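Undergrad: Predicted model, plus sequence, below.
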Amino acid sequence: MGCLPIEDYGIIGDLHTAALVGKNGSIDWLCLPHFDSPSVFSGILDHDKGGRFQITVENVKAKATQYYLPETNVLVTRFLGVEGAAEVMDYMVIEDGARGEVHHELVRQVRGLRGRMRMRLECLPAFNHAREEHETSLNERGAVFHSSSFCLGLVSPVALEPCEGGVRAEFTVGEGETLKFVLGQLTENTVEQMEEFCGLASQEHLSHTVEYWRRWVAGCTYNGRWREAVHRSALVLKLLTFAPTGAIVAAPTSSLPEEIGGVGNWDYRFTWIRDASFTLYALLRIGFTEEAAHFMQWIEARCHELQPDNTLLPIYSIDGKPNLEEQILEQMEGYRGSRPVRIGNRAHTQVQLDIYGELMDAVYLFNKYGTPVSYDMWTQLTRLLEWVCRNWKLTDEGIWEVRGGPRHFVYSRMMCWVALDRGIRLAEKRSFPADTARWRAIRDEIYREIMSKGWNAERRSFTQSYGSDALDASALVMPLVFFLSPTDPRMISTLDAIMQSPSKGGLLSNSLVYRYNQRDTPDGIPGGEGAFSMCTFWLVEALTRAGKTDRARLDQARFLFEQMLGYANHLGLYSEEIGPTGEHLGNFPQAFTHIALISAAFNLDRTLGAGA
């Protein structure tokens, strides 16, 4: 139970993987060599068994603060005590490919700021999600940790001593002194490998890393009111990008709970097709066309690897592999006792009809603002669209990946409409061969059915599924994908219904939006959950679009947006959910939330105009 609150962490990374660094100077999560590899530190999921790499001060009364060097992903943890002050600067080296094999070097640079501070180091790896034993070897340059499947080297400027599970050290840093510790992957446990790694560790990486991040974020074209929040969100998205393929993980973590002590604990270290259109829209809107193009290449590769029935899976690994078998790590206690701890994600076997709409919207956007779609890609897309034409009436598990059985979800139906609508637009714009007359007839049939069966006249709102009277925040996407005008009376009344408090049947509580009310719509997952961060940003954007003709709605949008910014952690990061007392819940940081923030900020700033 010694884990820090989720919101007390920052993130660093090297575009292959990422680490969480706590305000106490402890790295409690790191998977190597990639995001979806087994963990080497997972103390956030089990304080005793999970392993950590901590550099902190001996004085427990010292105040700890964290910040990023401006416009970078270089994280500084500062400790302020009466007797002195010191800081730990953490970053992962961005490899340029010129040096050959990637070592995934994690640098921890300790610097004395004032007086003299007693420091303490513990490096306690726990390989393969704490399932593998390892041996520790000390030498004059540091330590090597090696198990049957993995090897880590730690270069240390201070003497290390062995302890159970790894190494420890105590040392003093004085004003103006700097000590650099470097941890990295070794391919084998040899003297030559350690010497090579020590040579890499002696190089000056900080200036290169700072320059990389500042040069990258300088490409952002957004200069609106919330520039700092948008830049931080963009930097998060870049950190969650797997450079070799362009895939963006939903989050770098697994099994951080939706409720403390609950069972809604999922592995998010993969890429969802659903995120495609939202991601591309956000990246293109703020000028990151290269990242959008790279992600689009990953998407196109999946379209050339369709399942035998011409379908896509909802989720893929970052290298495109479809097998994400879900396992439970029985030996892990879970974050603050939240079990089970899962790796893999069984949702990849679900039917989720909405993914075809998000995919086609992404392709349409990229064709419009990026690079024209190739004919070969078009032929694959037509296979998907023909499948949608034949199967749009199926039940599915929907956007929220419920485990309580398939239903006729309104959002899934709407995204089938989007799939065909974007297919028609693309075919006509590019003069591609297509049976657009048939697609148009089915698209219109879907529309009429949603307006008939997805609309609850008594509640004056669109509902979660056919025959239900339960609200669902996914209805907020309707004006965002141009299914419905933002000022359509049905959309306005749906907005009003959602903005009621849960006690009155709505989804808005303390300026936070719940995705649905679990009492009204069982999802097959016991327990509760927090408000969904991205849904709050969806509400902001829906109000913004309605606010083009209604100033009161626009003022509501701005007020909610500013309030939501207040729920970010001290570094501007968001988890998937926010609890009733403002605590962060779910995997962290979540890409979808930062994508929704960018989209909401862009549209709200544009609608407010230069003089507002």
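TA: Sure thing, it's come through.
Undergrad: from here on, contacts and neighbour counts on C-alpha atoms
TA: Fine.
Undergrad: burial count for residue 608?
TA: 17 (other C-alpha atoms under 10 Å).
Undergrad: Model confidence for the residue lying closest to it once chain neighbours are set aside, exactly?
TA: Spatial nearest neighbour of residue 608, chain neighbours left out: residue 554 (7.8 Å); criterion: C-alpha to C-alpha, 6 or more residues apart in numbering. For residue 554, the model assigns a pLDDT of 97.
Undergrad: Quickly find the element holding residue 554.
TA: Element membership for residue 554 (DSSP states H and E) is helix 551-565.
Undergrad: May I see the buried residues of that helix?
TA: By 16 or more other C-alpha atoms under 10 Å, the buried positions in helix 551-565 come out as 553, 554, 557, 558, 560, 561, 564, 565.
Undergrad: Name the nearest of these relative to residue 385.
TA: Nearest to residue 385, judged by C-alpha to C-alpha, of the buried residues of helix 551-565 is residue 557 at 35.4 Å.
Undergrad: Model confidence score at the closest one, please.
TA: At residue 557, the model reports a pLDDT of 98.
Undergrad: Isn't it up against residue 538?
TA: No. Under the criterion of C-alpha atoms under 8 Å, residue 557 makes no contact with residue 538, lying 10.0 Å away.
Undergrad: follow-up on the earlier one: name the helices or strands packed onto the helix holding residue 554?
TA: Secondary-structure packing of helix 551-565 (3 or more C-alpha pairs under 8 Å, 6 or more residues apart in numbering; DSSP states H and E): helix 533-546, helix 591-608.
Undergrad: and the gap between residue 20 and residue 75?
TA: Distance from residue 20 to residue 75, counting by C-alpha to C-alpha, to the nearest Å: 10 Å.
Undergrad: ok, those two, which is more surrounded?
TA: Each of residue 20 and residue 75 has its neighbours counted (other C-alpha under 10 Å); residue 20 has more, 25 against 22.
Undergrad: wait, is the more buried one part of a strand?
TA: Yes. Assessed by DSSP: H, G, I helix; E, B strand; the rest coil, residue 20 belongs to a strand.
Undergrad: right, and it touches residue 10 too?
TA: Yes. The pair residue 20 / residue 10 is scored as a contact, 5.6 Å apart, by C-alpha under 8 Å.
Undergrad: Can you classify residue 30 by secondary structure?
TA: Following three-state DSSP, residue 30 is assigned to strand.
Undergrad: wait, residue 122
TA: Going by three-state DSSP: residue 122 is strand.
Undergrad: rewinding a little: mind giving me a markdown table with the helices and strands packed on helix 551-565 and columns for distance to residue 82 and mean pLDDT?
TA: Shown next, in a markdown table, are the helices and strands packed on helix 551-565 (distance: least, C-alpha to C-alpha, whole Å; pLDDT from 0 to 100):
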| stretch | distance to residue 82 | mean pLDDT |
| --- | --- | --- |
| helix 533-546 | 39 | 98 |
| helix 591-608 | 38 | 97 |
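Undergrad: wait, which of those helices is closest to residue 250?
TA: Here helix 591-608 is closest among these (C-alpha to C-alpha), at 5.2 Å.
Undergrad: ok, back up a step: could you give the angle of the helix holding residue 554 to helix 533-546?
TA: Put simply, helix 551-565 runs at 160 degrees to helix 533-546, going by axes from the mean of the first three to the mean of the last three C-alpha atoms, to 10 degrees.
Undergrad: following helix 551-565, which helix or strand shows up next?
TA: Per DSSP H and E, the first helix or strand lying C-terminal to helix 551-565 is strand 577-578.
Undergrad: Residues contacting that following strand, please?
TA: With contact meaning C-alpha atoms under 8 Å, 6 or more residues apart in numbering, strand 577-578 is reached by 258, 512, 529, 530, 531, 532, 533, 567, 584, 585, 586.
Undergrad: number of nearby residues for the closest residue in space to the fifth one that isn't next to it in sequence?
TA: Same thing as residue 531. Distance criterion C-alpha to C-alpha, 6+ apart; nearest residue to residue 531, sequence neighbours excluded, is residue 514 at 4.2 Å. Using other C-alpha under 10 Å, residue 514 has 26 neighbouring residues.
Undergrad: same thing with the one 10 residues further on?
TA: Counted with other C-alpha under 10 Å, residues neighbouring residue 524 total 11.
Undergrad: Ok, residue 508 next?
TA: Residues lying near residue 508 (other C-alpha under 10 Å) number 24.
Undergrad: give me every residue that touches it.
TA: Residue 508 sits next to 498, 499, 500, 501, 502, 514 when contact means C-alpha under 8 Å, 6+ apart.
Undergrad: partners of it in the sheet?
TA: Judged by DSSP bridges, the bridge partners of residue 508 are residue 513.
Undergrad: So for residue 95, what's the pLDDT?
TA: 78.
Undergrad: any idea whether the nearest residue to it once chain neighbours are set aside is helix, strand or coil?
TA: Closest residue to residue 95 apart from its sequence neighbours, by C-alpha to C-alpha, 6+ apart: residue 102 at 6.7 Å. Classification of residue 102 by three-state DSSP places it in coil.
Undergrad: And for residue 441?
TA: What three-state DSSP gives for residue 441 is helix.
Undergrad: still on that earlier bit, anything in contact with each of residue 20 and residue 75?
TA: The contact sets of residue 20 and residue 75 overlap at 10, 11, 12 (C-alpha under 8 Å, 6+ apart).
Undergrad: By neighbours, which of these wins?
TA: Result: residue 10 is most packed of the shared contacts of residue 20 and residue 75 (other C-alpha under 10 Å), 28 neighbours.
Undergrad: Quick check, pLDDT for that one.
TA: The predicted local confidence for residue 10 is 98.
Undergrad: go on, residue 341?
TA: In this model, residue 341 is scored at 97, pLDDT.
Undergrad: Make sure it is actually in contact with residue 255.
TA: Yes. The pair residue 341 and residue 255 passes the contact test of C-alpha under 8 Å, sitting 5.4 Å apart.
Undergrad: For the two, list the residues in contact with both.
TA: Counting by C-alpha under 8 Å, 6+ apart, the common neighbours of residue 341 and residue 255 are 45, 265, 266, 334.
Undergrad: and the closest residue to residue 123 other than its chain neighbours, which of the three is it?
TA: With sequence-adjacent residues excluded and distances taken as C-alpha to C-alpha, 6+ apart, residue 123 is closest to residue 53, at 4.3 Å. What three-state DSSP gives for residue 53 is strand.
Undergrad: what's the answer for residue 210, then?
TA: helix.
Undergrad: now do residue 56
TA: Under three-state DSSP, residue 56 falls in the strand class.
Undergrad: That one bridge partners, please.
TA: residue 120.
Undergrad: how close does residue 170 sit to residue 120?
TA: With C-alpha to C-alpha as the criterion, residue 170 and residue 120 are 5 Å apart.
Undergrad: again but with residue 397, I slipped
TA: Distance from residue 397 to residue 120, by C-alpha to C-alpha: 49 Å.
Undergrad: and the two? which has more neighbours close in?
TA: When neighbours are counted by other C-alpha under 10 Å, residue 397 comes out ahead of the other of residue 397 and residue 120, with 22 against 16.
Undergrad: Now for the more buried one: which residues touch it?
TA: Residue 397 makes contact with 350, 351, 352, 403, 405, 406, 407, 409, according to C-alpha under 8 Å, 6+ apart.
Undergrad: Tell me which residues are up against stretch 349-357.
TA: For stretch 349-357, contacts defined as C-alpha under 8 Å, 6+ apart pick out 273-274, 313-314, 384-385, 388, 392, 396-399, 401, 411-420.
Undergrad: how long is that stretch end to end?
TA: The straight-line separation of the ends of stretch 349-357 (C-alpha to C-alpha) is 18 Å.
Undergrad: Averaged pLDDT, it. What do you get?
TA: Regarding stretch 349-357, the rounded mean pLDDT is 95.
Undergrad: All set, thanks.
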